[in-house]
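**Student:** Build me a model:
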Amino acid sequence: MKFKNHSLVADFSDAERDFVQLALEKHSTQHAAGLNARPVEIAVRSSDNQLVGGLLGSTAWEWLIIDMLWVADEIRSQGLGATLLEQAEQQAKLLGCTAARTETFDFQALPFYKKHGYKVYAELNDFPAGHTEYQLRKQLA
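**Tutor:** You can find the predicted model right below:
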């Protein structure tokens, strides 16, 4: 698609992706100070250095945003998920966060997050078809 001397393309280089993120952060801080955008990433590796779990997230303003938390099927129910979550929350507190948020589906980790103090604040039914996405939050301090 073309606009006056501009075109739309469906891909970014890593540098362009970083540029867009920084540009949006610059714009956002003009309206809400203290963005404090930092990655929060924790990996779990086996004794042979294989990735068997991890948490990917970030901070924004005074919030921890958990994008993904995964533990390999063969080592679930051993407390690693809880440990990842606790570590991320501790890191976030050190970065000044007072709350956390995440989203999960009815077929993923809703009971897990509820068990760890997260409360549902929104639901999106039929996403994906026949399922529900839940958005959750927790006060950290």
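
**Student:** ranges for the strands of the chain?
**Tutor:** For the chain, the strands defined by DSSP state E occupy 2-3, 6-7, 38-45, 51-60, 63-71, 99-105, 119-125, 132-139.

**Student:** quick one: residue 137 from residue 119, how far?
**Tutor:** 6 Å (Cβ to Cβ, to the nearest Å). C-beta here means a position set from N, CA and C on the backbone, and glycine is covered the same way.

**Student:** Could you do residue 99 as well?
**Tutor:** 11 Å.

**Student:** next one: residue 33
**Tutor:** The gap separating residue 33 from residue 119 is 27 Å, by Cβ to Cβ.

**Student:** on that earlier part again, overlap of the contact sets of residue 99 and residue 119?
**Tutor:** 137, 138 (Cβ atoms under 8 Å, 6 or more residues apart in numbering).

**Student:** Give me the more crowded residue out of the two.
**Tutor:** A direct count of neighbours by other Cβ atoms under 10 Å for residue 99 and residue 119 places residue 99 higher, at 15 against 11.

**Student:** Surely that one and residue 136 touch.
**Tutor:** No. Counting by Cβ atoms under 8 Å, residue 99 does not reach residue 136; the two are 10.9 Å apart.

**Student:** out of the strands of the chain, which comes closest to residue 91?
**Tutor:** Of all those, strand 38-45 sits nearest to residue 91, with 5.3 Å by Cβ to Cβ.

**Student:** Could you list every helix and strand that that closest one packs against?
**Tutor:** strand 51-60, strand 63-71, helix 80-94 (3 or more Cβ pairs under 8 Å, 6 or more residues apart in numbering; DSSP states H and E).

**Student:** go with 6 Å
**Tutor:** Packing partners of strand 38-45 (3 or more Cβ pairs under 6 Å, 6 or more residues apart in numbering; DSSP states H and E): strand 51-60, helix 80-94.

**Student:** No further questions, thank you.
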